[in-house]
Every structure is written in C-alpha cells, then in structure tokens.
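Asker: Here is the input, now give the coordinates:
(chains A and B)
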Amino acid sequence: MLPFTYALRNLFRDPARLFQTVGGSAVVVLLMMAAVALDDGMDRVLAASGSPRNVILLGKGSEESVERSEVSLEVEAAAGAIPGVASVLGVEAISGEITYQAPIRTASGHESQALMRGVLERALLVHTTVALREGSFPGPDEVMVGHLAHRKLGVSADELGVGQLLYFGDSETRISGIFEAPGTVLESEIWFDRNNLASLSQRDSLSSVTLRLDEGKTDEAELFAFQRNDLELSAIREDRYYEKLGLFYEPIKVMTWVTAALVAAGALFGGLNTLYAAFASRIKEMATLQSIGYTRLALLASLVQESLLATLTGTLVAFVTGYFLLDGRTVPFSIGTFTLILTPSVIAWGLVTGLLLGSVGALPPAIRCLLPSLPKALRSD
Amino acid sequence: MTPFISIQSVTKIFQKGQSLIKPLEDLSLDVPQGEFLSLMGPSGSGKTTLLNLIAGIDRPNSGKIIIDKREVSGLSRAELTRWRARHVGYIFQLYHLVPILSAYENVELPLLLGKLGKAERQERILAALDLVGLADRADHRPAELSGGQEQRVAIARAIVHDPGLLVADEPTGDLDRESADGILKLLGSLADDHGKTIVMVTHDPRAAAAAHRSLHLEKGRFVESPTGHSVSASPSR
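Answerer: Purely as a prediction, here's the structure:
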C-alpha cells in the first residue's frame, strides 16, 4: 500500500480542484441532509400530532380533511353516551371544534393564510399536549396563538405577542395567550373561542368532535358512528388521521427528493469531472508507481483514499453548515410547521452520502486513470 | 555460463487501427550478469519495446524471456508486478519522481512494498542516497533539485531495494553533458562495483560508449552499427 501521506499531500497539489471537490461534496451532503431532515421533520410532527387514545368524529365523506367536514352541534352531546370517554374532575373529554383556514392580518398589515381552531376550554382535556405558556385562554374577541404560528404566518414572533391585535375580515381580535404543544401541528394554529369563530366564519355547525377515550376503548367510538347512522358520521383514530394526512404529503416529499437528487447530480458530475482532471494529470505517475511494483489495486485504494479525504472534508463542512442553517429551523407547510433537526439518522445519511461520493464517485476516474497499458501510460504527457 | 538475461526468438506485435506493427521480430539476446549494455537505434526501431519486455513492463507475443533463471515472459500481469518490485529498478529519461514527496520519500517507495522496519528502511535509503552523492538533499522535493540531482534520486530509487537488473530509458537524454557524464559514471560503477546488470536505451553515442557493449536495433532486429560498435547479440566479455 502507498503511504497515507501520499493521498493526503495529493489533495493539496491543486487547491482550486480541492476547493471544488470539497465544495461539491458539501453541497451534495447538505442537500441529502436537508431532504432527510424535511422527511423526518414532517413525519415526526404528523406522528406527534395524533394520539392513539383520541378519536375524531367527522362528517361522512370528509375523512380526508377536517376542514371540509360538517358535524351538527348535537353530536357533541350525543358523544357523551360513548362508553369509555375519559373525564377529568367530572368533565368529559369531548371537544366539538371548528377548523377553518382563512387569511388573517397582523397589526403591521401583513396578511396570510392562518389555521384557526374554534374551541371551548375543555379542548385542553382532549389535546393534552397543549399548555399555556403565557397569558390566558381566549374569551370573546380574543385568540390564543401557538408559539410557532408566527412562522406559519411569516411574521416576527413579536407581532404575535400577548396583547397584539389580529384582524379577521373587519373584526379585531386581541391575543390573550400563547400556547405550546411540543412537536405537533397545533403549535402553528390560532385558537378562537368557538362561538366567536362560528360567528366570524358564519358557521352553524362544527367541523369535528374529538374524544379522548380510556385505553382500548377507541372501538366504541367507531361503533357509535356506525350505530348512529342518522348523524352521518365517520370515526377515525386521531393518530391514523394524521398518518393518512402524511400520505397526502408524499408527492411533496418525492418532489423534495427529486429536487435534491437533481441538484446533487449536478454537483456530483461536477465533482467527477474535477476528479477526472485531477487523476488524468497523474497517469504517468501512476504508471511509474506500477513500474516500481505497486499493484493497480494499491493505486486504486490510494486514489479512493484521496477522494474520500476530500469528500469527508466536504461532509464535515456540510455538518457544520447544516448545524447553523438547518438544525432547529421551522418550516411551514399547509397544516402547520415542523422543525428540522439534525438527528443521528440525518447525520448518518450525510455520512453515508459522503462516503459513497468519495468511494463510488472516485472509481470511474480512478479506473480510467489506471486502465491504459503500462508502456502507453509511461509515455503519456 | 547461464546468461543473466536470455531473450529467445521474441516477437512483439502491436495493433494500430486495422494494421499490425511488429516492433520486434524473432529477436534473441544474451546478457551476462554485471554487464552494462546499451541499446541504440532510430525512433521506432524497437529499443524501448525491448527494454520494456526485459523490465517486465510488457509481455512478448511469442518467444521466451528468462531473467536470472526465471522465465518472466509467461508471468501474469500481477505476477510481473510482484517480480518487478523485487528484481528490477527502472530509470526514466524524465526521472518520473513523485513531485509531492521528498527525495527520501521517493527513494523509500520501493521499500514500502517489502517488510522492512522503519530503521532498516532508513539505513538503506540513506545508503542509496549516499551512493548517488545526495545524502545532504534527502529532504528536498524534486522541484528543489537540478535535473542531474533528480536523476540521481531516481537511480537511488531504482537501486534501494537491491535489484539485480537495472533498466534505463535515455537516462541522460534530458541532462547537460556534465550531469550526463556523472550519471554514466554512476551506472558504470553500479555494474562494475555492485554487479548490477544494466540495460540502457540511448540515442547518444557518448552514452553508448560508456557501456560495456552496445547493440544497434533497426526495424526490430540487431544490425551493424553505423558507428562501428559491436553488433553481436552475444556478450564479448
């Protein structure tokens, strides 16, 4: 084997080429990490948003979207008959809710699509991850906002602070509190008093009724929806609802991967080209080393080693860049926001990408460099 | 006495497009151990092809090449690589030193293929550099050396693993007269004092004159030398 220092010093023969290879591999690895982090982040937020103990009662035929669903007000009361509904201090964990998407305007005049949920206070018995961080539950003409709602609206966090005003059509509402619901889509929502939202959105029905049931009792809600045919209901476990919602976002994930793959392919071919040039300029040197007695395999190993050093340096650059650019960044999507996290799996994907780039990517130029016959290679310029 | 190099009816054919080229045809040659042999001839005469066959860089299409009692013409590419690593030192016209390595590290390259420890390698490298008169330039990179010094480092690299055979392709072709004379004297002493068998390709009659015997090749066959040097394919010594 050739000494490791040979591969190491070869890297610095041409600093411009080294920069290109390191930069190219950093871009590819960063893109790969971003794609995996997006995928993971979306999956994580959807998985965290649904509880296996909660069941959502939706209007029949609206199982795909709670916003399109209509459920009559009497369902909330009727759901109390379902066996196994959890209760806290005698209050049943049943929450009839209005879910609504419409433009909302901040005090600065910025207007964007908001996710609104009209609830009563007992919604907190169902959505157990929700906790007030600041302020109070909203009363009439008040809202409480999820602490990531500003990311969804595209405004600064200060614009959605307690006491700030929001405008929904001609109506003015005051922010009474800020809540958190760690890792769920709820954190991007704006919660209204239910009656208030019903009046603002001119609805006389609910969008859904969510129940919290005791362990193993979720089938009872499905049975209820089946038996109460007159209410025209569908029951779906909350975690399964978000799981299905995840399928809706599959095309977006595919597009993310395709975009990442296209950009990565460009960077990869650029990197290969650089390696071709770097190795091709050393055909005679490789031939000399063969004439001394080094096998092609030993030379191939050294070239791959050299390439790996460059791409792993790029991978390290990608990790550092990813730490500052990606880690902790919240990304808005249609039903909320999710956070990009450099999890061990994201890091592992980045590392594997860097290793593959350095090893598999180096093979074509290295083989091309070592392929000519020895007498011919010794005569090359 | 068995010759150190025995070339028996060797033919080498190259394919160039549709046509076949025979740089060497039915060529035979014996070289005893310790001889310094020069091969001369015009471009395309087949002298470098012959040198490459002797060095195990290439293989003949027919005929036998026996070096130090071992038939090398039948070895596979991998076997030839291993054989070269132990038995051959190659000296190139343009030195072919690795530019990113120091003189010391360049000379060390053949030794890294063996099992010598660091201390023993160091001893051999310094001895080889000392023999070529460059012990004080061990840390210099090729770019910091003159052409003559680079060729001396290349010779040190060729001899450091103590091969029986040295092949040199125009070793003085890129040097000024003074440096060239120094290199030829060094090659002569490697044959005379250290028993190395040396085959050198050259265009330079002065370089050829430094060898024990000189052969002239034309169109793949030994011919009468226009300068009157010996043309015998058998040793005269």
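
Asker: ok, B:L131 touching B:I159?
Answerer: Yes: look at B:L131 against B:I159 with Cβ atoms under 8 Å: they come within range, at 7.2 Å. Every C-beta, even on glycine, is put in place using the N, C-alpha and C of the backbone.

Asker: which one of these two has more residues nearby?
Answerer: A side-by-side neighbour count of B:L131 and B:I159, using other Cβ atoms under 10 Å in any protein chain shown, places B:I159 first with 23 against 19.

Asker: Skipping its backbone neighbours, what lies nearest whatever residue of the stretch 1-150 of chain A ends up closest to chain B in space?
Answerer: Relative to chain B, the nearest point of the stretch 1-150 of chain A is A:R9 (4.2 Å; Cβ to the nearest Cβ). Excluding the flanking residues, the one nearest A:R9 by Cβ to Cβ, 6 or more residues apart in numbering or on different chains is B:I100, at 4.2 Å.

Asker: For the top helix by length along chain B, buried residues please.
Answerer: Criterion DSSP state H: the longest helix present in chain B is helix B:177-192. With burial defined by 16 or more other Cβ atoms under 10 Å in any protein chain shown, the residues of helix B:177-192 counted as buried are B:179-184, B:186-187, B:190-191.

Asker: Equivalent analysis for stretch B:66-81, please.
Answerer: B:66-68, B:72-73, B:75, B:80-81.

Asker: Looking at these, spot the one nearest A:V22.
Answerer: B:T81 (33.0 Å; Cβ to Cβ).

Asker: ok, the closest residue in space to B:R82 that isn't next to it in sequence - how many residues close by?
Answerer: Excluding the flanking residues, the one nearest B:R82 by Cβ to Cβ, 6+ apart is A:G293, at 6.9 Å. Neighbour count of A:G293, defined by other Cβ under 10 Å: 25.

Asker: My read is that A:G293 contacts B:L113, right?
Answerer: Yes: taking contacts as Cβ under 8 Å, A:G293 lies within contact range of B:L113: 5.0 Å.

Asker: Give me the common contacts of these two.
Answerer: Counting by Cβ atoms under 8 Å, 6 or more residues apart in numbering or on different chains, the common neighbours of A:G293 and B:L113 are B:A85.

Asker: all helices for the stretch 1-150 of chain A, in order.
Answerer: A:4-11, A:15-49, A:74-78, A:123-126, A:149-153 (DSSP state H, counting those that start in this stretch).

Asker: For A:T259, see how far away A:T321 is.
Answerer: Per Cβ to Cβ, to the nearest Å, A:T321 is found 18 Å from A:T259.

Asker: Equivalent analysis for B:D193, please.
Answerer: 71 Å.

Asker: The two: who's more crowded?
Answerer: Taking other Cβ under 10 Å, B:D193 and A:T259 do not tie; A:T259 has more neighbours (13 against 10).

Asker: what's the helix or strand for that one?
Answerer: Assigned by DSSP states H and E, A:T259 belongs to helix A:250-280.

Asker: What residues does the stretch 1-150 of chain A have near chain B?
Answerer: Within reach of chain B by Cβ under 8 Å from any Cβ of the partner chain, the stretch 1-150 of chain A has these residues: A:1-3, A:5-6, A:9-10, A:12-13.

Asker: Make a PyMOL selection of the buried ones in those residues.
Answerer: A single PyMOL command selects the buried members of these (16+ other Cβ under 10 Å):
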select buried, chain A and resi 2+6+9+10
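
Asker: need the residues of the stretch 1-150 of chain A next to chain B in a markdown table with pLDDT, can you?
Answerer: A markdown table is the format used below for these (pLDDT from 0 to 100):
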| residue | pLDDT |
| --- | --- |
| A:M1 | 80 |
| A:L2 | 86 |
| A:P3 | 85 |
| A:T5 | 86 |
| A:Y6 | 88 |
| A:R9 | 90 |
| A:N10 | 88 |
| A:F12 | 89 |
| A:R13 | 87 |
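
Asker: Geometric centre of chain B: which residue is closest?
Answerer: Closest residue to the average C-alpha location of chain B: B:V167 at 0.7 Å, with Cα atoms, centre = their mean.

Asker: got the contact list for that one?
Answerer: B:51, B:54-55, B:88-91, B:198-200.

Asker: how big is the angle separating the helix or strand harbouring it from helix B:177-192?
Answerer: Taking DSSP H and E as the definition, one finds B:V167 inside strand B:165-169. Strand B:165-169 and helix B:177-192 are oriented at 160 degrees to each other (axes from the mean of the first three to the mean of the last three Cα atoms, to 10 degrees).

Asker: Name the nearest residue to A:A131, sequence neighbours excluded.
Answerer: A:E180 (5.9 Å).

Asker: correct me, but that neighbour touches A:G146?
Answerer: Yes: counting by Cβ under 8 Å, A:G146 is a contact partner of A:E180 at 7.2 Å.

Asker: Which one's more surrounded, the two?
Answerer: Remark: of A:E180 and A:G146, A:G146 carries more neighbours, 27 against 17, as counted by other Cβ under 10 Å.

Asker: Looking at strand pairing, list the partners for the more buried one.
Answerer: Beta-bridge pairing of A:G146 under DSSP bridges involves A:F179.

Asker: What score does the residue nearest to A:L18 when sequence neighbours are not counted have for pLDDT?
Answerer: Distances taken as Cβ to Cβ, 6+ apart put A:L11 closest to A:L18, at 5.4 Å, once the chain neighbours are dropped. pLDDT, A:L11: 88.

Asker: Show the contacting residues for A:L11.
Answerer: A:L11 touches A:18, A:306, A:309-310, counting by Cβ under 8 Å, 6+ apart.

Asker: Closest one to chain B out of those, please.
Answerer: Comparing the contacts of A:L11 against chain B with Cβ to the nearest Cβ places A:E306 closest, at 11.1 Å.

Asker: I'd guessed that closest one sits against A:N10; true?
Answerer: Yes: here A:E306 reaches A:N10: they are 5.0 Å apart, a contact under Cβ under 8 Å.

Asker: where along chain B do the helices fall?
Answerer: Under DSSP H, chain B gives helices at B:47-55, B:77-87, B:103-108, B:118-131, B:147-159, B:177-192, B:205-209.

Asker: Direction-wise, compare the fifth one with helix B:118-131 and give the angle.
Answerer: Think helix B:147-159. Using the same axes, to 10 degrees: helix B:147-159 against helix B:118-131 is 140 degrees.

Asker: pull the CA atoms of helix B:147-159 into PDB?
Answerer: In PDB, the C-alpha atoms belonging to helix B:147-159 read as follows (Å, rounded to 0.1, in the frame of the first residue of the first chain):
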ATOM      1  CA  GLY B 147      18.000  17.700 -13.400                       C
ATOM      2  CA  GLY B 148      21.100  15.800 -12.700                       C
ATOM      3  CA  GLN B 149      20.200  15.600  -9.000                       C
ATOM      4  CA  GLU B 150      16.700  14.400  -9.800                       C
ATOM      5  CA  GLN B 151      18.200  11.600 -12.000                       C
ATOM      6  CA  ARG B 152      20.500  10.600  -9.200                       C
ATOM      7  CA  VAL B 153      17.500  10.400  -6.800                       C
ATOM      8  CA  ALA B 154      15.700   8.300  -9.500                       C
ATOM      9  CA  ILE B 155      18.800   6.000  -9.600                       C
ATOM     10  CA  ALA B 156      18.800   5.800  -5.800                       C
ATOM     11  CA  ARG B 157      15.100   4.800  -6.000                       C
ATOM     12  CA  ALA B 158      16.000   2.200  -8.600                       C
ATOM     13  CA  ILE B 159      18.700   0.500  -6.500                       C
END
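
Asker: contacting residues for A:L357?
Answerer: Per Cβ under 8 Å, 6+ apart, neighbours of A:L357: A:25, A:28-29, A:268, A:271, A:311, A:314.
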